[in-house]
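Participant: Structure of the sequence below:
(one chain, ligands or ions: 1)
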Amino acid sequence: MQTVGRPMGLTQEQRDFFDKNGYVRLPQVFTAAELAELSSELDEVIERFAVADKGWTGPWRQKYLSKKEDENAKLTAMHEMELYSPAWARAVVNRALASALAELIGPDVEFHHMTLHAKGPEFGTPFPLHQDHPFYPHSDGRYLDAIVHVDAATEENGCLKFLPSSHKLGPLEHVREGSPHLPPDRYPFEQAVSCPAEAGDVVLFSIYTIHGSALNRTPNWRRVVRIGYRNPGNLQVGGQAMGRPGLMVAGLRPKLEGVTVDPYGPMRVETGRV
Ligand SMILES: O=C(O)CCC(=O)C(=O)O
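Facilitator: From the prediction side, this is the model:
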């Protein structure tokens, strides 16, 4: 399948920033026209299928939220909007995004999953500091999450926050009570650096980079979509979308030792090692 959109290489400065900090903001990956389609189709899909609930659970909520905030904080979420919306299917194979990913974890890059995080007005729920590794552990670090900003994200509406250079720590033990998260006493939220972004920007970060976000306290929605990508040689060991092959967005699927592919049957992606 051909990727769509403009090719876009990373600047040396962006590469260096990513290597040092474990995340990087790519401005205006999506054009205004692409963004308008993504936004309106997302609204329709949310209306029809998304679920609003209290969001991530666990003892961290007592540390991050007042009683009133804890009672009211809400998240609207769902997975795999590429199966519901052509604009989001095109986003997966966007050429500007694919070429940036290929530079960092390629040359071969495979789509893995898509997840919506829409924080509603006033009490859009926060996310405690965590790595994404516990949610879909893979054998090595060649996995990037791409946060597509459908709305601008600011300090006030709960933009992403990162602990710079934390990707160098590798996979960490997480508290498993409720949603996996890092202990707030050892990883204080106040130490995280904000990464505000405009609508149309994409923030890339490693599966090992520690991140989170604060409450949306504004009267408007903050909608972002996470698209996960991996080098296909980085085999999954558990969690979300385990065993499901994804579209190749850069390079070609390699022939891997120990992975059997039946060209006439459903492709199986074997379990990797941690
Ligand atoms: O949507 C957010 O604010 C946080 C996203 C996040 O933590 C994640 O996608 O892993």
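Participant: Can you give me the distance of the residue nearest to Lys119 when sequence neighbours are not counted to Ala241?
Facilitator: Nearest non-adjacent residue to Lys119, counting by CB to CB, 6 or more residues apart in numbering: Asn216, 3.9 Å away. No exception for glycine: its C-beta is placed from N, CA and C like everyone else's. For Asn216, the distance to Ala241 equals 27 Å [CB to CB, to the nearest Å].
Participant: Could you check which of those two is surrounded by more residues?
Facilitator: More neighbours sit around Asn216 than around the other of Asn216 and Ala241, counting by other CB atoms under 10 Å; the figures are 28 against 19.
Participant: and the gap between that one and the ligand?
Facilitator: The gap separating Asn216 from the ligand is 9 Å, by CB to the nearest ligand atom, to the nearest Å.
Participant: Verify the stated contact: that residue with Phe127.
Facilitator: No - taking contacts as CB atoms under 8 Å, Asn216 lies outside contact range of Phe127: 11.1 Å.
Participant: one step back: dump the residue contacts of the residue nearest to Lys119.
Facilitator: Applying CB atoms under 8 Å, 6 or more residues apart in numbering, one finds that Asn216 lies in contact with 119-125, 156-158, 222.
Participant: who touches the helix or strand that Leu38 is a member of?
Facilitator: When secondary structure is defined using DSSP states H and E, the element that contains Leu38 is helix 32-49. Under the contact criterion CB under 8 Å, 6+ apart, helix 32-49 has outside partners 5, 30, 76, 78, 81, 84-88, 90-91, 94, 116, 118, 148, 150, 199-200, 223, 225.
Participant: Need the buried ones from those residues selected in PyMOL.
Facilitator: Here is the PyMOL command that selects the buried residues among these (16 or more other CB atoms under 10 Å):
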select buried, resi 5+30+76+78+81+84+85+87+88+90+91+94+116+118+148+150+199+200+223+225
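Participant: how far off helix 32-49 does the longest strand seen in the chain point, in degrees?
Facilitator: Looking only at the chain and at elements set by DSSP state E, the strand with the highest residue count is strand 109-119. Put simply, strand 109-119 runs at 70 degrees to helix 32-49, going by axes from the mean of the first three to the mean of the last three CA atoms, to 10 degrees.
Participant: Please see if strand 109-119 touches the ligand.
Facilitator: Yes - legend: contact between strand 109-119 and the ligand by CB under 6 Å from any ligand atom is shown at His117.
Participant: Quickly run through the sheet partners of the helix or strand following that strand, with directions.
Facilitator: For strand 109-119, the succeeding helix or strand toward the C-terminus, using DSSP H and E, is strand 127-130. Based on DSSP bridges, the strands next to strand 127-130 in the sheet, each with its direction, are strand 211-213 (antiparallel).
Participant: Which elements pack onto the helix or strand that the partner strand is followed by?
Facilitator: Beyond strand 211-213 in the direction of the C-terminus, DSSP H and E gives the next helix or strand as strand 222-230. With contacts defined as 3 or more CB pairs under 8 Å, 6 or more residues apart in numbering; DSSP states H and E, the secondary structure elements packing on strand 222-230 are helix 32-49, helix 86-92, helix 95-105, strand 109-119, strand 143-149.
Participant: Quick one: mean pLDDT over strand 222-230.
Facilitator: Strand 222-230 comes out with an average pLDDT of 98.
Participant: so Pro219 sits right up against Gly124, yeah?
Facilitator: No - between Pro219 and Gly124 there is no contact under CB under 8 Å: 10.7 Å.
Participant: quick one: which of the two has more around it?
Facilitator: Per other CB under 10 Å, whichever of Pro219 and Gly124 has more neighbours is Gly124, with 27 against 8.
Participant: Bridging across strands, which residues link to the one residue in the stretch 51-200 of the chain that gets nearest to the ligand?
Facilitator: Among the residues of the stretch 51-200 of the chain, His117 lies closest to the ligand, at 3.5 Å counting by CB to the nearest ligand atom. Following DSSP bridges, His117 is listed with bridge partners Ala77, Val224.
Participant: How many residues are close by it?
Facilitator: Close neighbours of His117, defined as other CB under 10 Å, add up to 20.
Participant: That one contacts Leu75, doesn't it?
Facilitator: Yes - distance between His117 and Leu75: 6.5 Å, which falls inside the contact criterion (CB under 8 Å).
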